[in-house]
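S.K.: Take a look and give me a structure for this.
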Amino acid sequence: MRPARSLLFIPGNRESWLESAHTHNADVVIFDLEDSVPPEETDEARELVSNYLAEVHGNGQRVCVRINGHPNDPEEFTAQDIEAIMCEELEAIVVPKLRHPEDVEQLDTVMTHIERRDGLEENGVSLILAIETALGMKNVYELCAAADRVGSISCGAVKGTDTNHALGFEWTGPGRKGLETLHLRQKALLDARAAGIEDPLAGTYVDIEDIDGLREDMQFSREMGYTGYVVIHPTHVEHANEIFAPDADEIRYWLDVRKALIDAQAEGKRAVRFEGEMIDTANIKTANRYLRRAKAYQDDLDLAVDLSGLELEE
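M.R.: Numbers count the residues shown, from 1 in each chain. A predicted model of the protein is given here:
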């Protein structure tokens, strides 16, 4: 799954909002069939989302869908959701309230069956795993490793979320103020990285008008290693796009680091002094990670640096 700075939830039962979803400048929109939709409106929302998916994608917008509940949902909402939304325009399915790796394996089996049956690209639709139960938090690594199509996680250890309810912490504030969530966020990040997830996601922030708190939480999430943020209101999109975007100075620094090390390797050296720092070949991998993300956003940002011809090794 390609990286994303901002992922905006759009309630699946609001037709006018679905229709205008591509106008908010979010990297990704998430059509929601779960929490924002009353159960009695689920069938109608599912049909609306299915109808608008291709249209919104055709307007140049990347689209994901958050499905209902759990693979063993007695009302079979999960199976009905997947059947209705699987198509080539869908980038990923966001899965809430996961607990065990078997949950992911079940979903993967169903999705693979539909892809083969309908002639879709196998593993063409990714999974974004929402880490919001106690067992889910405990099993992040196993969840991420359960299927090749797992592309990212979303860890929403903030006030009022399902994670807040499941773990019972008392939220004390965004960013560094919220020490009660620090271990949770770092644990989820560590497990996801260990399982090979390149672009884990933070969020959401529920205080819509508290922009200072939002930015504080976004900035701290970036510093921890998260690469994007899930938001619930269009006014939050621009802040995620700004904070999680690489800037020109950062890109130039990593380009220079990479060049210095490549030149050093050509001379048989593995370490070199660079701007007062000692850097070695391990820094090339870090440089490549930053530069790959910068290339992903090059068309959206005025970076004053052309990365189109840059070849980056894994």
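S.K.: pLDDT averaged over the host helix or strand of residue 285 - what is it?
M.R.: In the assignment (DSSP states H and E), residue 285 maps to helix 282-296. Averaged over helix 282-296, pLDDT sits at 85.
S.K.: Check stretch 233-249 too.
M.R.: 93.
S.K.: any idea how far the lowest-mean-pLDDT helix or strand in the chain is from the chain center?
M.R.: Least confident element among the helices and strands of the chain, by mean pLDDT, DSSP states H and E: helix 162-167 (a mean of 82). Taking C-alpha atoms, centre = their mean, to the nearest Å, the mean C-alpha location of helix 162-167 is offset from the chain mean by 20 Å.
S.K.: buried set for the helix holding residue 285?
M.R.: If you call a residue buried by 16 or more other C-beta atoms under 10 Å, then helix 282-296 has these buried ones: 283, 284, 287, 288, 290, 291, 292, 293, 294, 295, 296. For the C-beta atoms, the positions are set from N, CA and C on the backbone; glycine is no exception.
S.K.: list the contacts for the most centrally placed residue in the chain?
M.R.: The residue lying closest to the centre of the chain (C-alpha atoms, centre = their mean) is residue 201, at 4.1 Å. Contacts for residue 201 were tallied using C-beta atoms under 8 Å, 6 or more residues apart in numbering; they are 4, 7, 128, 152, 153, 154, 155, 226, 227, 228, 229, 230.
S.K.: Roughly how far does the residue lying closest to the first one once chain neighbours are set aside sit from residue 229?
M.R.: What it means is residue 4. Closest residue in space to residue 4, ignoring its immediate chain neighbours: residue 27 at 4.0 Å, by C-beta to C-beta, 6 or more residues apart in numbering. Using C-beta to C-beta, to the nearest Å, we find residue 27 at a distance of 10 Å from residue 229.
S.K.: shared neighbours of the two, which are they?
M.R.: Joint contacts of residue 27 and residue 229 (C-beta under 8 Å, 6+ apart) are 5, 6, 7.
S.K.: Reformat those as TSV; add neighbour count.
M.R.: Below are these laid out as TSV (neighbours: other C-beta atoms under 10 Å):
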residue	neighbour count
5	28
6	28
7	26
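S.K.: Those in strands, which ones?
M.R.: 6, 7 (DSSP state E).
S.K.: now the shared contacts of residue 27 and residue 229 in TSV, with pLDDT and distance to residue 245?
M.R.: Formatted as TSV, the shared contacts of residue 27 and residue 229 follow (pLDDT from 0 to 100; distance: C-beta to C-beta, whole Å):
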residue	pLDDT	distance to residue 245
5	96	6
6	98	10
7	98	14
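S.K.: Which one of the shared contacts of residue 27 and residue 229 is nearest to residue 115?
M.R.: Proximity to residue 115 was ranked across those by C-beta to C-beta; first place goes to residue 7, at 22.9 Å.
S.K.: Correct me if wrong: the closest one contacts residue 64.
M.R.: Yes. Residue 7 is within contact range of residue 64, at 7.1 Å (criterion: C-beta atoms under 8 Å).
S.K.: tell me, what's touching those two both at once?
M.R.: With C-beta under 8 Å, 6+ apart as the test, residue 7 and residue 64 both reach 28, 29, 30.
S.K.: so of those, which ones are in strands?
M.R.: Reading strands off the shared contacts of residue 7 and residue 64 with DSSP E, I get 28, 29, 30.
S.K.: Might you report the residue contacts of the first one?
M.R.: What that stands for is residue 28. If you count contacts by C-beta under 8 Å, 6+ apart, then residue 28 has 4, 6, 7, 8, 61, 62, 63, 64, 91 around it.
S.K.: repeat that with 10 Å
M.R.: Listed by C-beta atoms under 10 Å, 6 or more residues apart in numbering, the contact set of residue 28 reads 1-8, 61-64, 91-92, 94, 128, 201, 228, 230.
S.K.: Inside strands: which ones of the residues you listed?
M.R.: Those of the contacts of residue 28 lying in strands (DSSP E): 6-8, 62-64, 91-92, 94, 128, 201, 228, 230.
S.K.: any idea which of these has the most stuff around it?
M.R.: residue 201 (31 neighbours; other C-beta atoms under 10 Å).
S.K.: give me the beta-bridge partners of it?
M.R.: Counting by DSSP bridges, residue 201 is bridged to residue 154, residue 228.
S.K.: ranges for the strands of the chain?
M.R.: Secondary structure of the chain, counting by DSSP E: strands at 6-11, 28-32, 62-66, 90-95, 126-131, 150-155, 201-203, 228-231, 271-274, 277-280.
S.K.: residues of stretch 187-200 that come out buried?
M.R.: In terms of neighbour count (16+ other C-beta under 10 Å), stretch 187-200 has its buried residues at 187, 188, 189, 191, 192, 195, 197, 198, 199, 200.
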